[in-house]
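Visitor: Next one to model:
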Amino acid sequence: MSSISAIKIGTHNGHFHCDEIFACFLLKTLPRYADAEIIRSRDPKVLAECDTVVDVGGIFNAEQKRFDHHQKTFTETFNSLQPDKPWTIRLSSAGLIYVHFGREIIIELLKKENIEDGAKDHLTDILFEKLYETFVLEIDAIDNGVDIGENMKYKIHTNLSTRVGYFNPAWNDPNPLEKEDTGFKQAMEMIGREFLDKFHYYIHQWWPARALLEKAITKRFETDPSGSIIALECSSPWRDHLFDIEKEQKETLGDTIKYVIYADASKSWRIQAVPLSNKSFENRLSLPKQWQGLRDDELSAKANIPGCIFIHASGFIGGNATYDGALAMARRSLELANTDSLSSKRKSDD
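Guide: Numbers count the residues shown, from 1 in each chain. Alright, predicted model coming up:
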């Protein structure tokens, strides 16, 4: 094995793609690979001298640090390698490196952040999944030719994989070999910036919202005796956190929370129905049908609550000028739902 100072990462030469670019970046975030030289070749003898090889060589063997996915026998997914994870799209070299080194990479990145030690383990687990789902999965899917859906009406031409491709030399470039290595490095810098931007978003914007939500959940019975309404001081990315917390506190919390109220940028208040899932457009309990699509004085009169601003036509969100007004709308929505439920039960009993 090479000495630490002479560690080499091998990948193929020629036209490069997003997956091996990102795989190389991920490895170089780790201290033992930070000064590694990237060797771009398809020569088996040259690759045999490399400590770690990605996206070339026809071998996947984590113990031997060989991470190719092009061989016909390769069928691995995140789920097949880690059965507790849900993703079943075939891995590219980016996904292979992330599955095997991702936790270690996140731990290393978190060392530079002002995060309490007690929260780091939990945060590592969450970010390991979140960064795969929102960043790496797309690279795996595109590299393996997996369409985003059926009967697509348009294609996305600005995704990360496409933009990496632009760094390759043009087909009619008179000196393509000179620009190939430069383009590879430029592409790796770009994808590295975007990955770190995503990481820092989760650390500095997304994660702090969890503490606010946990506080609101703890005080939910003070907000309303039902425990079905929580109040936040401001708009924040609460949805992901709510479903995570509910999963963690399944025995005591379940899915009892139906509405979230919070102050918006204009200092008025919003009431939002909790969806059935993080990706669902259906709600646990939509705002009342008789309010949906109404605004201002008409809505205030219909609800018999002052200060109403609007209710979306689909019933997933509404607004009021004050906290008390938004809370009254949430409480009244619960009452109307209970009344409708009792009425339906009586009819079925009759």
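
Visitor: mind giving me the domain split of the chain?
Guide: Here the domain assignment for the chain is 4-145+157-206, 209-349, based on automatic domain parsing.

Visitor: Could you tell me the least trusted of these?
Guide: Among the domains of the chain, domain 209-349 carries the lowest mean pLDDT, at a mean of 91.

Visitor: what are the ranges of the helices in the protein?
Guide: For the chain, the helices defined by DSSP state H cover 18-28, 44-48, 78-81, 93-110, 117-131, 137-143, 160-165, 176-201, 208-218, 220-223, 239-248, 296-303, 323-349.

Visitor: The residue nearest the centre of the chain: what's its closest spatial neighbour, skipping adjacent residues?
Guide: Central residue of the chain (Cα atoms, centre = their mean): residue 134, 3.8 Å from the mean position. Leaving out its chain neighbours, the residue that sits closest to residue 134 by Cβ to Cβ, 6 or more residues apart in numbering is residue 198, at 6.7 Å. Glycine gets a C-beta too; all of them are placed from N, C-alpha and C.

Visitor: repeat for residue 312
Guide: Distances taken as Cβ to Cβ, 6+ apart place residue 318 nearest to residue 312, at 6.6 Å, with adjacent residues excluded.

Visitor: Spit out the contact partners of that neighbour.
Guide: Taking Cβ atoms under 8 Å, 6 or more residues apart in numbering as the criterion, residue 318 is in contact with 270-272, 287, 291, 308-312, 326, 329.

Visitor: okay, the residues you listed in a markdown table with neighbour count and distance to residue 227 next?
Guide: Putting the contacts of residue 318 into a markdown table (neighbours: other Cβ atoms under 10 Å; distance: Cβ to Cβ, whole Å) gives the following:
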| residue | neighbour count | distance to residue 227 |
| --- | --- | --- |
| 270 | 20 | 20 |
| 271 | 25 | 16 |
| 272 | 22 | 17 |
| 287 | 26 | 19 |
| 291 | 23 | 23 |
| 308 | 27 | 24 |
| 309 | 20 | 26 |
| 310 | 17 | 27 |
| 311 | 28 | 23 |
| 312 | 16 | 25 |
| 326 | 28 | 17 |
| 329 | 30 | 17 |
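
Visitor: from those, which single one is nearest residue 209?
Guide: residue 272 (14.2 Å; Cβ to Cβ).

Visitor: I'd guessed that closest one sits against residue 259; true?
Guide: Yes: Residue 272 is within contact range of residue 259, at 6.8 Å (criterion: Cβ atoms under 8 Å).

Visitor: residues contacting residue 82?
Guide: residue 99.

Visitor: ok, it to residue 169 distance?
Guide: In this view, residue 82 and residue 169 are 38 Å apart by Cβ to Cβ, to the nearest Å.

Visitor: again with residue 210
Guide: Noted for residue 210: a distance of 45 Å to residue 169, by Cβ to Cβ.

Visitor: So if I had to pick from the two, which one is more boxed in?
Guide: residue 210 (21 against 16; other Cβ atoms under 10 Å).

Visitor: what sits against that one?
Guide: Neighbours of residue 210 in contact, by Cβ under 8 Å, 6+ apart: 241, 244-245.

Visitor: Equivalent analysis for residue 7, please.
Guide: Counting by Cβ under 8 Å, 6+ apart, residue 7 has contacts 32-33, 35-37, 51-52.
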